[in-house]
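**Q** my questions are about this predicted structure, shown below with the sequence.
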Amino acid sequence: MFILSIVLVRRNVIHHLLPVPQLQTSYALGVEICIERQPTRVFAFNKPPQNRLAVADVHTLLDSPLPTIVAGDFNAKHTAWNSNIVGPDAHMPDVLDIAVTRGLAAAPSLDVLDDHLISDHQAVLSTLKTTPMTTSLPSPKHRQDWRIFAEHMAEHSPSFKVESPADVDRLATDLSATQSNVLRESRLYAASTRRQPQLPAYIEAMIEEKRKLRRQWQNLRCPIMKTRLNSLAAKISDALVTVADESWHSAIERAGDDWSGMYRLCRLLSGKPSPIRPLMASDGTPRYRAEDQAEIFADYLETQFRPNPTSDVQHVETIKRHLKNYFESPIVPTEDPVVVAYDAQIAYFINE
């Protein structure tokens, strides 16, 4: 049987893949992200229905000094997490997807999304009040009203008699602070005119119909209703693809043949933030955090400057003897001299 576990992470969230844990009856895939500058582990968990849940698997994932979140299809029913029965019976509709946490600074809020999936699994939304560490985004660009800037500077510019160097420093400090305040006051905060694209009315109607059919199928488990639900979901997918294609063709037509339109279109396509480039650790996992990448560089440099071990001792002695004789012999007139430089000389050449 093929068991699939996926963890989707936003591109600007700093993360790296964890080694795949060796479990007895379950499967898990984990990533490490930074929340409030603290590493936090997140695992996608799956236990096949035919296997019995091994408690040791859960302990393997949770027994860590780092905060840990384990969420997924446990296929284990118990009244402790609001199941109707206690047992491995997987043929009756019941609670199957669970989120387990350990070591978090604050308990997350959990919500069940009952109309987001076509299958009998209901998505569990776990929300943390803290935010993960992300890549630094460029500061927003603002427009300035230079007329207001000139008026405020004429009104609030510091002016007093300068009689000493201390007065010059104080005047420069006051002028810099005044300019910063006036720049903030004359800044134009234009309201964003960009609207989220709205779906056509017929697609929204099909989505609402799909939600109703899914709720009915969950209650009745009628095969005919399941067939209608799958067919409607396929129609919605095809309609969304068609709308996306039409939107793209409209964007190309709006760009036109002039250079300004093409430039705006290229900026729209290339304006997305570049992905974070990881470094590969010695165990083959990509590392994104600055601390981990610094350790990778340190390990690499330590390896490079470590003497290369060899079993041919005679060859090493021959090389040492040859070098000793070379440096003790007089320099041949046709040969460039070998200059031995010291730390101070090396630093001098680098600075030059």
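**A** Now that the structure is in, tell me what you want to look at.
**Q** from now on I want contacts and neighbour counts done on CA atoms only, so please keep to that.
**A** Will do.
**Q** how about the secondary structure of residue 11?
**A** coil (DSSP: H, G, I helix; E, B strand; the rest coil).
**Q** please begin residue numbering at 33 from this point
**A** In the new count, where the first residue is 33, that last one comes out as residue 43.
**Q** what about it, distance to residue 235?
**A** Residue 43 sits 29 Å away from residue 235, taking Cα to Cα, to the nearest Å as the criterion.
**Q** what about these two, which has more around it?
**A** residue 235 (16 against 13; other Cα atoms under 10 Å).
**Q** the more buried one and residue 271 touch, don't they?
**A** Yes. The pair residue 235 / residue 271 is scored as a contact, 7.1 Å apart, by Cα atoms under 8 Å.
**Q** how close does residue 220 get to residue 39?
**A** 41 Å.
**Q** all strands for this protein, in order.
**A** 47-49, 59-67, 70-78, 100-105, 129-134, 141-145, 155-159, 175-176, 219-220, 311-312, 318-319 (DSSP state E).
**Q** tell me what the third one is packed against?
**A** When you say that, I think you mean strand 70-78. When contacts are defined as 3 or more Cα pairs under 8 Å, 6 or more residues apart in numbering; DSSP states H and E, strand 70-78 sits against strand 59-67, strand 100-105.
**Q** if we ignore the residues flanking it in sequence, what's nearest residue 184?
**A** Leaving aside its chain neighbours, residue 184 sits nearest to residue 214 (6.3 Å; criterion: Cα to Cα, 6 or more residues apart in numbering).
**Q** any idea of the pLDDT on the one you found?
**A** On pLDDT, residue 214 comes in at 86.
**Q** can you check residue 223 too?
**A** The predicted local confidence for residue 223 is 49.
**Q** now do residue 119
**A** For residue 119, pLDDT reads 68.
**Q** again, but for residue 198
**A** 85.
**Q** which residues touch it?
**A** Shown in contact with residue 198 (Cα atoms under 8 Å, 6 or more residues apart in numbering): no residues.
**Q** for it, give its distance to residue 192.
**A** From residue 198 to residue 192 the distance is 13 Å (Cα to Cα).
**Q** got a markdown table for the helices and strands packed on strand 70-78, with mean pLDDT and mean neighbour count too?
**A** Formatted as a markdown table, these follow (pLDDT from 0 to 100; neighbours: other Cα atoms under 10 Å):
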| stretch | mean pLDDT | mean neighbour count |
| --- | --- | --- |
| strand 59-67 | 87 | 21 |
| strand 100-105 | 88 | 21 |
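**Q** make CSV out of those and add distance to residue 112.
**A** Output for the helices and strands packed on strand 70-78, formatted as CSV (distance: least, Cα to Cα, whole Å):
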stretch, distance to residue 112
strand 59-67, 23
strand 100-105, 16
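**Q** among these, which is nearest residue 317?
**A** The minimum distance between residue 317 and these falls on strand 59-67, with 10.5 Å, by Cα to Cα.
**Q** show me how far the closest one is from its chain's centre.
**A** 12 Å (Cα atoms, centre = their mean, to the nearest Å).
**Q** what packs against that strand?
**A** strand 47-49, strand 70-78.
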